[in-house]
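> Sequence and predicted structure are below.
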Amino acid sequence: MSFKYTPNTLKKLEELYEEARYIIRYEKGNFNSGYCILEERRVVVINKFFSVEGRINALVEILPTISVNEEELSSEMLKWYKQLKAEPDFGTDTSVQSKMDL
(Lines give C-alpha, C1' and ligand atoms only; values in the text may rest on other atoms or scores of the structure.)
Protein backbone atom coordinates (compact mmCIF):
# COMPACT_ATOMS: atom_id res chain seq x y z
CA MET A 1 0.00 0.00 0.00
CA SER A 2 1.37 3.33 -0.99
CA PHE A 3 -0.04 6.58 0.24
CA LYS A 4 0.49 10.25 -0.44
CA TYR A 5 2.08 12.56 2.08
CA THR A 6 -0.87 14.91 2.47
CA PRO A 7 -2.53 16.56 5.48
CA ASN A 8 -5.48 14.20 4.89
CA THR A 9 -3.21 11.15 5.32
CA LEU A 10 -1.79 12.68 8.49
CA LYS A 11 -5.31 13.22 9.82
CA LYS A 12 -6.21 9.59 9.07
CA LEU A 13 -3.11 8.37 10.93
CA GLU A 14 -3.99 10.60 13.87
CA GLU A 15 -7.49 9.07 13.90
CA LEU A 16 -5.94 5.60 13.91
CA TYR A 17 -3.89 6.49 16.98
CA GLU A 18 -6.95 8.02 18.62
CA GLU A 19 -8.92 4.81 18.10
CA ALA A 20 -5.96 2.89 19.53
CA ARG A 21 -6.30 5.15 22.60
CA TYR A 22 -3.05 7.05 22.08
CA ILE A 23 -2.68 10.80 22.37
CA ILE A 24 -0.47 12.57 19.83
CA ARG A 25 1.19 15.79 20.85
CA TYR A 26 3.36 18.00 18.67
CA GLU A 27 5.94 19.79 20.81
CA LYS A 28 9.51 20.91 20.70
CA GLY A 29 12.15 18.94 22.54
CA ASN A 30 15.48 17.20 22.31
CA PHE A 31 14.39 14.02 20.56
CA ASN A 32 17.18 11.99 19.00
CA SER A 33 14.75 10.26 16.67
CA GLY A 34 12.29 13.13 16.30
CA TYR A 35 9.72 11.60 18.62
CA CYS A 36 9.18 10.19 22.09
CA ILE A 37 6.75 7.50 23.27
CA LEU A 38 5.38 7.51 26.82
CA GLU A 39 4.08 3.94 27.03
CA GLU A 40 2.48 4.14 30.47
CA ARG A 41 0.43 7.20 29.54
CA ARG A 42 -0.15 6.14 25.92
CA VAL A 43 1.21 9.45 24.64
CA VAL A 44 3.28 10.00 21.51
CA VAL A 45 5.21 13.27 21.33
CA ILE A 46 6.49 14.31 17.90
CA ASN A 47 8.77 17.20 17.04
CA LYS A 48 6.48 20.09 16.16
CA PHE A 49 8.93 21.40 13.59
CA PHE A 50 8.49 18.33 11.36
CA SER A 51 6.74 18.84 8.05
CA VAL A 52 3.62 16.85 7.18
CA GLU A 53 5.84 14.22 5.56
CA GLY A 54 8.05 13.99 8.65
CA ARG A 55 5.05 13.64 10.94
CA ILE A 56 3.58 10.87 8.78
CA ASN A 57 6.92 9.05 8.67
CA ALA A 58 7.27 9.31 12.45
CA LEU A 59 3.75 7.96 13.07
CA VAL A 60 4.28 5.08 10.63
CA GLU A 61 7.64 4.33 12.25
CA ILE A 62 6.09 4.29 15.74
CA LEU A 63 3.09 2.14 14.81
CA PRO A 64 4.80 -1.29 15.07
CA THR A 65 6.26 -0.43 18.48
CA ILE A 66 2.96 0.34 20.22
CA SER A 67 0.27 -2.08 21.29
CA VAL A 68 -2.86 -1.72 19.19
CA ASN A 69 -5.95 -3.68 20.17
CA GLU A 70 -7.43 -4.46 16.77
CA GLU A 71 -10.83 -5.15 18.34
CA GLU A 72 -11.13 -1.48 19.34
CA LEU A 73 -10.60 -0.20 15.79
CA SER A 74 -13.46 0.62 13.46
CA SER A 75 -13.73 -1.56 10.37
CA GLU A 76 -12.26 1.15 8.12
CA MET A 77 -9.33 1.81 10.46
CA LEU A 78 -8.73 -1.91 10.96
CA LYS A 79 -8.51 -2.41 7.20
CA TRP A 80 -6.08 0.50 6.83
CA TYR A 81 -4.02 -0.67 9.82
CA LYS A 82 -3.68 -4.15 8.31
CA GLN A 83 -2.64 -2.63 4.97
CA LEU A 84 0.01 -0.58 6.76
CA LYS A 85 1.25 -3.69 8.58
CA ALA A 86 1.48 -5.54 5.26
CA GLU A 87 3.98 -3.00 3.93
CA PRO A 88 7.35 -4.67 3.30
CA ASP A 89 9.22 -2.00 5.30
CA PHE A 90 6.68 -1.81 8.15
CA GLY A 91 8.54 -2.26 11.41
CA THR A 92 12.03 -2.08 9.95
CA ASP A 93 14.56 0.13 11.63
CA THR A 94 14.51 3.11 9.31
CA SER A 95 15.01 6.57 10.66
CA VAL A 96 12.56 9.36 10.04
CA GLN A 97 15.48 11.69 9.56
CA SER A 98 16.86 9.56 6.73
CA LYS A 99 13.56 10.02 4.89
CA MET A 100 13.57 13.79 5.30
CA ASP A 101 15.69 16.68 4.17
CA LEU A 102 16.49 18.49 7.39
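Thanks, I have it. Numbers count the residues shown, from 1 in each chain.

> now Thr6: how far from Glu53?
Note on Thr6: its distance to Glu53, by C-beta to C-beta, to the nearest Å, is 9 Å. Backbone N, C-alpha and C define where each C-beta goes, glycine included.

> Looking at these two, which one has more neighbours?
Taking neighbours as other C-beta atoms under 10 Å, Thr6 and Glu53 compare with Glu53 leading, 17 against 12.

> so what's the more buried one closest to, chain neighbours aside?
What sits nearest to Glu53 in space, not counting adjacent residues and going by C-beta to C-beta, 6 or more residues apart in numbering, is Tyr5, at 4.2 Å.

> Toward the C-terminus, what is the element adjacent to the helix or strand hosting Glu15?
Secondary structure assignment for Glu15, by DSSP states H and E: helix 7-19. Scanning forward in sequence from helix 7-19, with DSSP H and E defining helices and strands, the next element found is strand 23-27.

> Now do the same for the most centrally placed residue in the chain: helix, strand or coil?
When the chain is reduced to its mean C-alpha position, the closest residue under C-alpha atoms, centre = their mean turns out to be Leu59, at 1.4 Å. When classified by DSSP: H, G, I helix; E, B strand; the rest coil, Leu59 comes out as helix.

> Please list all residues in contact with it.
Taking C-beta atoms under 8 Å, 6 or more residues apart in numbering as the definition of contact, the neighbours of Leu59 are 10, 13-14, 17, 24, 44, 46.

> One more: Ile23?
Shown in contact with Ile23 (C-beta under 8 Å, 6+ apart): 17, 41-44.

> Quick check: which element contains Phe31?
Per DSSP H and E, Phe31 falls between elements, in no helix or strand.

> and the closest residue to it other than its chain neighbours, how many residues sit next to it?
The shortest distance from Phe31 to any residue other than its chain neighbours is 5.6 Å, reached at Asn47 (C-beta to C-beta, 6+ apart). Residues lying near Asn47 (other C-beta under 10 Å) number 20.

> how about Asn47, what does it touch?
Contact analysis of Asn47 by C-beta under 8 Å, 6+ apart lists 26-29, 31, 34-35, 54, 58.
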